[in-house]
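*Asks:* Can you look at this prediction? I've put the sequence above it.
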Amino acid sequence: MLKRFKHHFQSIRDVVLFVHIFCWISFISLLLKVVSFSRLLKWLPPGRAKISRSTEVQKRLLEKVPAYTDLILRRNWWIYRPNCLKRALVIYRFFRHYGIDVQVCMGVRKNRDLDNCSTDEYLQGHAWLMVDGNPFLENIGAAETVYTPVFSFPR
């Protein structure tokens, strides 16, 4: 199992980042179950971080943070299951920490696949990220055109 993960890491810094992301996924998963969403958002960095990084480091983080987050969530085990909200919050937290301007957006849409669905199944929600005003890790415009935005953080 370790051999499969080994090719994702080029340095000890990558391993530390991976472990840090793993811990934050665990922390956010727990918090989503025990505290209100508004309180959780207060604990995430709301403004730009004071850490200024070079463009090269930010470019590396734009690739590594989502890749490691997805690697963990794709395990689909216990609290490490794919979930757009959990994924967006973890990536948001790291990007803000490293001074990358990012916004979490959430939206809803009608579920067109179910003709006679219950109220719980009628609306579907999705969370996504916006970096520099553009959807990040989404099909260009898909999230905004398919889902009606209802919330963004920070505003």
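*Replies:* Yes, it's here.

*Asks:* Work out for me the element residue 105 sits within.
*Replies:* Secondary structure assignment for residue 105, by DSSP states H and E: strand 102-110.

*Asks:* how far does that strand sit from the chain's center?
*Replies:* If you compare the mean C-alpha spot of strand 102-110 with that of the full chain, they lie 12 Å apart, counting by CA atoms, centre = their mean, to the nearest Å.

*Asks:* for that strand, packing partners?
*Replies:* helix 84-97, strand 123-131, helix 142-146, strand 148-153 (3 or more CB pairs under 8 Å, 6 or more residues apart in numbering; DSSP states H and E). Yep, even glycine has a C-beta here, placed from its N, CA and C like the rest.

*Asks:* could I get the ones you listed as a markdown table with mean neighbour count?
*Replies:* What follows is the helices and strands packed on strand 102-110, written out as a markdown table (neighbours: other CB atoms under 10 Å):
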| stretch | mean neighbour count |
| --- | --- |
| helix 84-97 | 22 |
| strand 123-131 | 17 |
| helix 142-146 | 15 |
| strand 148-153 | 13 |
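
*Asks:* quick one: the strand holding residue 105 to strand 123-131, angle?
*Replies:* What separates the directions of strand 102-110 and strand 123-131 is an angle of 160 degrees, with axes from the mean of the first three to the mean of the last three CA atoms, to 10 degrees.

*Asks:* and the next element down the chain from the helix or strand bottoming out on mean pLDDT in the chain?
*Replies:* When the helices and strands of the chain are compared on mean pLDDT, DSSP states H and E, helix 2-6 comes out lowest with a mean of 60. Moving toward the C-terminus from helix 2-6, the next helix or strand (DSSP H and E) is helix 12-34.
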